[in-house]
Every structure is written in C-alpha cells, then in structure tokens.
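S.K.: Here is my input, please return the structure:
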Amino acid sequence: MEWTSLYDQYGLFAIVPILLLLVLLCQRYWRNKFTNGSTLEIAEECAMGTKETQEDAAGVVETAWGTLAVLADGMGKGRAGKMAAQVTVETCIEIFTACDVTGNIQYFFTQACNRSNKRVLEYLQGNKGGAVVAAVLVSKGYLYYAAVGDVKIAVLRKRELIAVNEGQTMQTAAAKGFAQGLLDREQALAISQTKRRSNYIGRDAFKNVEMGADGIKLIHGDIIVVMNQGLYNCLSWVELEDNLASSYSCKKIAEKIIEKFNEKPAGHKENASLFVIRYTGR
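M.R.: Prediction:
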C-alpha cells in the first residue's frame, strides 16, 4: 500500500506539468484565433463602371499571425489588366501564408510587391498592362499597410474618415518633387496634370512601395476601408464618411456605397472596388 501510494503521488507530480503545458497551448491557440478572426468583420464589393470588363481582383486570408486583405485594380487591353490583378493578389497571399511575416512586415510587403511585379512582367511578355494594389494586414490589434499606385486606404474613427496613405499619383510625385526642390513650380504643375500613374505592378522601372513606418493601433469600432480610384474619384469624402459611419454590418455598408456609386451619372466611370473591415477587438 505504501509503494502504491508513493507511486500515485509521484505519478501525479509528473502529470501536473503536462496538464499545465496543454492548458497553455490551448490558451495560446484560442488567443490567436480570437485576436485575428473573430475581431474582424470583412466585406468586399465591386461594380462595373463604363468599362467593358471588370479588371479588379481581391482576396482575404486569415492565419494564426494575422489577417491580410488585398485589393488590386488592373489596367491594360484585353485580359492583361485582369490577369495582372489576379496574379498580384495570389502572389501576396501565397507569400503571406508561407510563414509568419510579423517579424519583418515591411520586408514582407516589399517582397510581395517585387515578386508580383516580376510575375506580371513575365506574364505580359512585353504587352501593356499592370495593376495597382493595396494590402492591409491586421495583427494583434495593429493595422499595417502597403500600396502601389492610386489606391486609397483610410480608417473611420469616431465618425471621421482619415486617409492613412497618400497614393502614388503624378500629383503626389509632383508635390514631393517641388517640396524637395527638384522641380520648379511650372514643372510641378505640368506633371500634376498628367493622367498617367506614377507607379504600378507590371512596370519595368518599378518604384518603391508606399508603407507606414509603424503599425496603427486599432480601437474597438474602427472601420478600415480600402478602395480603388474608380470609387473615391466618383464619391465625395463626405458621402463615403456618411455611409461608413452607419451602424449597419460591413456587408450592408459596402453595398450602400456601391449603390451610391451606381446612382452617379454614367459619363466616364472606372470600375469600383472596396473592402470594408470593422475591428471589434478591445
């Protein structure tokens, strides 16, 4: 009896650390799960403008280390733009899901855009085409972003819509050149009136990716909106702000914004695409 009692005591001492380890592992799993998936409500919508084809592409992926949403706006004749957008989205997601990128997020964004550019150029084989892209990553309550071209990322907080990126347009390029003393006023004005995009995926002279230096700490109720030029050039900032500030679900908000876009006079409207992402974490 003594030996049995002694065995039971030592057996219990051996089992307790194992049970504690299992509890910690379960806590870590659920913490990761709740930190990423259940703290985000995501909706994506798009609409045709007056163009013959819809050349936009979008994708969302959730991992243990974060959630990534990618929106690409294609350009080019035939299927060149659509394929460039799809290749860009697929490449970003492929790299993101391969391993935990949160150790060096800026490197991830740079690698994803550079590899996308290489793949798009290989696909186009000298034909004209490409895509502009915006990617947002939410990890552990922080927002990280990257953008190439004239795409817009903004955050609605306390009913105020705040742009977090400038966008790589000829207007922003001219303003920077003038501010740095590289352009005089007349040169800057001439460049700012150019309709060409200053940077895009699928360009031989591909430039730097626009990224935030640090993550943006999200608070409960923040809404992240990612939109292409076709949308934000058609709707005013106030119209976007009013729709995003409603109490509807993200899907309903996105649908309302697209309805507003469709109500605008036809004229020359580009395709419209957007993500609406609400952060519900504490």
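
S.K.: hey, where'd the helices end up in the stretch 51-200 of the chain?
M.R.: For the stretch 51-200 of the chain, the helices defined by DSSP state H, counting those that start in this stretch occupy 80-98, 105-124, 170-179, 185-192.

S.K.: buried stuff in stretch 67-76?
M.R.: Residues of stretch 67-76 classed as buried: 67-76 (neighbour count, 16 or more other CB atoms under 10 Å). Where you see a C-beta, it was placed from the backbone N, CA and C, and this is true even at glycine.

S.K.: Including distance to residue 158 and pLDDT, could these go into CSV?
M.R.: Supplementary listing: these in CSV, determined by distance: CB to CB, whole Å; pLDDT from 0 to 100:
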residue, distance to residue 158, pLDDT
67, 23, 97
68, 26, 98
69, 23, 98
70, 27, 98
71, 25, 97
72, 30, 96
73, 29, 94
74, 35, 92
75, 36, 88
76, 40, 83
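
S.K.: so how many other residues sit close to the closest residue to residue 210 other than its chain neighbours?
M.R.: The shortest distance from residue 210 to any non-neighbouring residue, by CB to CB, 6 or more residues apart in numbering, is to residue 147 (4.6 Å). Residues near residue 147, counting by other CB atoms under 10 Å, number 27.

S.K.: ok now do residue 147, which residues does it touch?
M.R.: 132-135, 153, 165, 167-168, 209-211 (CB atoms under 8 Å, 6 or more residues apart in numbering).

S.K.: about what we covered before: in strands only, show me the buried residues of stretch 67-76.
M.R.: The strands, defined by DSSP state E, take in 67-76 from the buried residues of stretch 67-76.

S.K.: between the residues you listed, which is nearest residue 108?
M.R.: Checking those against residue 108 by CB to CB gives residue 68 as the nearest, at 9.3 Å.

S.K.: In the sheet, which residues pair with that closest one? Tell me.
M.R.: Residues in a beta bridge with residue 68, per DSSP bridges, are residue 61, residue 137.

S.K.: Assess the claim that it and residue 95 are in contact.
M.R.: No: between residue 68 and residue 95 there is no contact under CB atoms under 8 Å: 9.6 Å.

S.K.: Low-confidence stretches in the stretch 1-150 of the chain?
M.R.: Low-confidence segments of the stretch 1-150 of the chain, defined by pLDDT under 70: 1-38.
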